[in-house]
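> Just need the structure, nothing else, for what follows:
(one chain, ligands or ions: 2)
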Amino acid sequence: METNKHQPSRLDPSFKNEVLKEHDAETLKICFQCGTCTSSCPTARFSDLYRPRTILRMAQSGLRKKVLSSPTLWLCTACSTCTDRCPQGVEVANVLRVLRNLAVKSGEVPLIYRELTSSINETGYAYKIPEIRHKKREETGLPPLPKPKAVDIAKLIELAHGSRLLKK
Ligand code: SF4
Ligand code: SF4
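Ligands and ions are numbered 1, 2, ... in the order given. Prediction:
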């Protein structure tokens, strides 16, 4: 069942253990919610919604659906400032990466990221470069953009189980 702000979120006590058994996510259990990660996070500085401390708390509490379907989970830039500053030694950036991997497995990836992956899969570029851009480059004497090996890229995406990220 979909959750929204008017519905109570369901607790799933097994979720925390599922996260903890993933490599690099074991330290989730020692987070004592001091908030240093959020106050150090460069993304949180520019967002009213993104709070790594809150995501970790929701994961500890078993809010599976709320965590895995949260679009803010994808705002982490993996800079690891939170990990460097955490007084408890929580591998915050790794825990967040594990949560994103679980979101991919459960098919909860926001459309924009599926579009980006699909574009990389098809063209080698995250952004589908319009033909007019290529013509402009030619007109202004710029060299053509390198042509990525689409077959190799598609293979890499397949090997990384990235097919779950492609647009249906
Ligand atoms: S800094 Fe570490 S202990 Fe504090 S809230 Fe963040 S993860 Fe938890
Ligand atoms: S790794 Fe993610 S959560 Fe941690 S400080 Fe960087 S952007 Fe923020």
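
> could you point out where this protein is predicted with low confidence?
For the chain, the stretches flagged by pLDDT under 70 are 1-9.

> Near ligand 2, which residues of it are found?
Residues of the chain found near ligand 2 (CB under 6 Å from any ligand atom) are 40-43, 52, 76-82, 92-93, 96. In short, each C-beta sits where N, CA and C put it, glycine included.

> Of those, which ones also sit close to ligand 1?
Answer for those near ligand 1 (CB under 6 Å from any ligand atom): residue 92.

> List only buried entries from the residues of the chain next to ligand 2.
Buried subset of these (neighbour count, 16 or more other CB atoms under 10 Å): 40, 41, 43, 52, 76, 81, 82, 92, 93, 96.

> Of all the residues in stretch 35-52, which ones are buried?
36, 37, 38, 40, 41, 43, 44, 50, 51, 52.

> Please enumerate residues in contact with that stretch?
By CB atoms under 8 Å, 6 or more residues apart in numbering, the list of residues contacting stretch 35-52 from outside reads 53-54, 56, 72, 75-77, 79, 81-82, 84-87, 90, 92, 96.

> Helices - which of these land there?
Under the assignment DSSP state H, these contribute 53, 54, 56, 81, 82, 84, 85, 92, 96 to helices.

> farthest-separated two in these?
54 and 84 (19.6 Å; CB to CB).

> These two - which one has more neighbours?
Each of residue 54 and residue 84 has its neighbours counted (other CB atoms under 10 Å); residue 54 has more, 18 against 11.

> And for that one, nearest residue in space, chain neighbours not counted?
residue 38 (7.4 Å; CB to CB, 6 or more residues apart in numbering).

> so that neighbour is in which element?
helix 36-40 (DSSP states H and E).

> Past that helix, which element shows up next along the chain?
helix 42-45.

> in this structure, which residue is closest to the centre?
residue 74 (3.5 Å; CA atoms, centre = their mean).

> need the helices for the chain, in chain order.
Going by DSSP H, the chain shows helices at 14-20, 36-40, 42-45, 52-61, 64-68, 81-85, 92-105, 111-123, 131-139, 150-159.

> So which of those helices is nearest residue 165?
Nearest of the helices of the chain (CB to CB): helix 111-123, 4.0 Å.

> Distance check, residue 83 against residue 18.
21 Å (CB to CB, to the nearest Å).

> Who has more neighbours out of these two?
Using other CB under 10 Å, the more surrounded residue of residue 83 and residue 18 is residue 83, with 20 against 15.

> Identify the residues contacting that one.
By CB under 8 Å, 6+ apart, the neighbours of residue 83 are 90, 91, 92, 93, 94.
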